[in-house]
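Visitor: Need a 3D model of the following:
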Amino acid sequence: MEEMFITNDDQRAILETVRRFSEEVVAPVAAGLDAEKDPLNTFSWDIVEKAHDAGIRTMTLDEKWGGLGVDCLTAAMVVEELGKVDLGISVVMAQTLKIAQIMQRALNPEQQARIMPQIAEDKRCVLAIAMTEPNHASDYIVPFPKPMKTFAEKTKGGWIVNGMKHFISNGPRSRYYLLFVQTDRSKPQTEGTSCFVIERDHPGFTIGRYHDKMGERLANNAELIFQDCFIPDENLVGEVNKAYKLIVEFFPMSNAYAAASILGVAGALYKKSVEWCQIRNQGGKLLIEHDGIRAQLSEMRMMIDVARSYTHRSCWLSDHRDQGWDSTLAVYPKVFASQIAWKIAGWTLELHGGYGYMKETGVEKLVRDAAAFLHSDGVNRTLLLKAANLLYK
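Guide: Model (predicted):
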């Protein structure tokens, strides 16, 4: 925790609470849940409820809704701390914390009065964003001039939605969703999409297949299916056909939270490497006594510190955009953090030798988790192209 950019005692107290929660609630069950073959069984409502009891689930809610009103920087620190113990739990909470922040800013007063108390009071309320579609994922990151396939047709009093989303984090578990659909099929998605807020069990909305993932298994992802799903006008978020305006205005912290989650994994890998090198004897002395090994551990630490500083800068500026916000900060931190996490995963595996390949050391799980954000929250190569277009186009 001492490596975090802690600026006040409130942050320190929050992070102490999160650390205790991680060690006492998540750590004892994470490996067992990860090992479950059926993704239906990898999720834990007990963890979510205890996160609520600890004040973690609701901490980004404003005080008027019963939360702590923490800023993006503090939330990112929390997400990283959770990621050190399990990436899936970090993602479940990161999505919920992030979307709660977005809803407080994007929903109109009537929607807030109707929805925010439910989010605050329901111990099992986690949140999701429904945007990604089959064969259509990166097209909204580097905009391609074609519409989304999930579409809504205007009818009296609302809209009728048909289509499917997939790979949706918290998809099968959420109570509320921010759903992005095409409302003008004659325009590309950047100009013709709208956002709606919907609740689980809404008529015409069902959960499809649970995705069976390589890692990050304590967070469920799934297909969302819409068949003649009527959504009333009062559930429209913002303006018709202006959903991309919402993304630009209210989503700048999304990438930084993803970076923080995977930094937690990088930190866990680094810790395992240091501990192993202090007990493993090779070539007549402990691994850490070899100059090359010590230098490699030092490089791991340096990369994590740099990625964390970049992430914290992005978080702070997302809350203070008049102080020098740069649109690449909504892209680069996740790319860099996921790249260094993957590199550290490879080094940790090498340092452990054959032991690292055995599941009982716990390295194998971290390697699987470390791969998650090479693509999640945007494929890295696509995000780099997006940043390049922002800079040079």
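
Visitor: can you tell me which residues contact residue 339?
Guide: Residue 339 sits next to 374, 380 when contact means C-beta atoms under 8 Å, 6 or more residues apart in numbering. Backbone N, C-alpha and C define where each C-beta goes, glycine included.

Visitor: element containing it, please.
Guide: Using DSSP states H and E, residue 339 maps to helix 332-352.

Visitor: what element comes up after that helix heading to the C-terminus?
Guide: helix 363-370.

Visitor: From the chain's centroid, how far away is the next helix-or-strand element following that next one?
Guide: Sequence-wise, the next helix or strand downstream of helix 363-370 (DSSP H and E) is helix 380-392. Taking C-alpha atoms, centre = their mean, to the nearest Å, the mean C-alpha location of helix 380-392 is offset from the chain mean by 20 Å.

Visitor: tell me what helix 380-392 is packed against?
Guide: helix 332-352 (3 or more C-beta pairs under 8 Å, 6 or more residues apart in numbering; DSSP states H and E).

Visitor: then the helix it packs on to PDB, C-alphas only?
Guide: C-alpha atoms of helix 332-352 as PDB (Å, rounded to 0.1, in the frame of the first residue of the first chain):
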ATOM      1  CA  TYR A 332      -2.600   4.600 -22.900                       C
ATOM      2  CA  PRO A 333      -2.700   3.600 -19.100                       C
ATOM      3  CA  LYS A 334      -4.500   0.300 -19.700                       C
ATOM      4  CA  VAL A 335      -2.300  -0.500 -22.700                       C
ATOM      5  CA  PHE A 336       0.900   0.100 -20.700                       C
ATOM      6  CA  ALA A 337      -0.300  -1.600 -17.500                       C
ATOM      7  CA  SER A 338      -1.400  -4.700 -19.300                       C
ATOM      8  CA  GLN A 339       1.800  -4.900 -21.300                       C
ATOM      9  CA  ILE A 340       4.000  -4.800 -18.200                       C
ATOM     10  CA  ALA A 341       1.700  -7.200 -16.300                       C
ATOM     11  CA  TRP A 342       2.100  -9.700 -19.100                       C
ATOM     12  CA  LYS A 343       5.900  -9.300 -19.200                       C
ATOM     13  CA  ILE A 344       6.200  -9.700 -15.400                       C
ATOM     14  CA  ALA A 345       4.000 -12.800 -15.700                       C
ATOM     15  CA  GLY A 346       6.500 -14.400 -18.100                       C
ATOM     16  CA  TRP A 347       9.400 -13.400 -15.900                       C
ATOM     17  CA  THR A 348       7.700 -14.800 -12.800                       C
ATOM     18  CA  LEU A 349       7.100 -18.100 -14.500                       C
ATOM     19  CA  GLU A 350      10.700 -18.300 -15.600                       C
ATOM     20  CA  LEU A 351      12.000 -17.500 -12.100                       C
ATOM     21  CA  HIS A 352       9.900 -20.300 -10.600                       C
END
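
Visitor: what comes up buried for the host helix or strand of residue 113?
Guide: Per DSSP H and E, residue 113 falls inside helix 109-121. Neighbour-count burial for helix 109-121 flags 111-112, 115-116, 119-120 (criterion: 16 or more other C-beta atoms under 10 Å).

Visitor: what mean pLDDT would you report for that helix?
Guide: Mean per-residue pLDDT for helix 109-121: 98.

Visitor: centre of the chain versus it, how much separation?
Guide: That offset, for helix 109-121, works out to 22 Å (C-alpha atoms, centre = their mean).

Visitor: and the following helix or strand past it, what other elements does it pack with?
Guide: Following helix 109-121 in sequence order, the next helix or strand is strand 127-130 (DSSP H and E). When contacts are defined as 3+ C-beta pairs under 8 Å, 6+ apart, strand 127-130 sits against helix 87-106, strand 158-169, strand 176-182.

Visitor: how far does the shortest one sit from the chain's center?
Guide: Read it as strand 176-182. Worked out by C-alpha atoms, centre = their mean, strand 176-182 lies 17 Å from the chain centre.

Visitor: Could you pull up the contacting residues of the nearest residue to residue 262 once chain neighbours are set aside?
Guide: In this structure, residue 262 finds its nearest non-sequential neighbour in residue 373, 4.2 Å apart by C-beta to C-beta, 6 or more residues apart in numbering. For residue 373, the contact set (C-beta under 8 Å, 6+ apart) comprises 258-259, 261-262, 334, 337-338, 341.

Visitor: any idea of the pLDDT on the residue nearest to residue 382 when sequence neighbours are not counted?
Guide: Residue nearest to residue 382 in three dimensions, not counting chain neighbours: residue 138, with 4.4 Å by C-beta to C-beta, 6+ apart. Note on residue 138: pLDDT of 76.

Visitor: May I ask you to confirm that residue 138 is in contact with residue 379?
Guide: Yes: with contact defined as C-beta atoms under 8 Å, residue 138 counts as touching residue 379 (5.9 Å).

Visitor: mind checking how far the one helix or strand in the chain whose mean pLDDT sits lowest is from the chain centre?
Guide: Within the chain, no helix or strand scores below helix 243-250, which has a mean of 86 by mean pLDDT, DSSP states H and E. Here the centre of helix 243-250 is set off from its chain's centre by 18 Å, with C-alpha atoms, centre = their mean.

Visitor: Okay, buried residues for that helix please.
Guide: Across helix 243-250, burial judged by 16+ other C-beta under 10 Å covers 243-244, 246-247, 250.

Visitor: can you put the residues you listed in CSV and add distance to residue 56?
Guide: As requested, the buried residues of helix 243-250 are arranged in CSV below (distance: C-beta to C-beta, whole Å):
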residue, distance to residue 56
243, 29
244, 31
246, 26
247, 26
250, 22
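
Visitor: now, among these, which is nearest to residue 24?
Guide: If you rank these by distance to residue 24 using C-beta to C-beta, residue 250 comes first, at 34.1 Å.

Visitor: what about residue 84, neighbour count?
Guide: 24 (other C-beta atoms under 10 Å).
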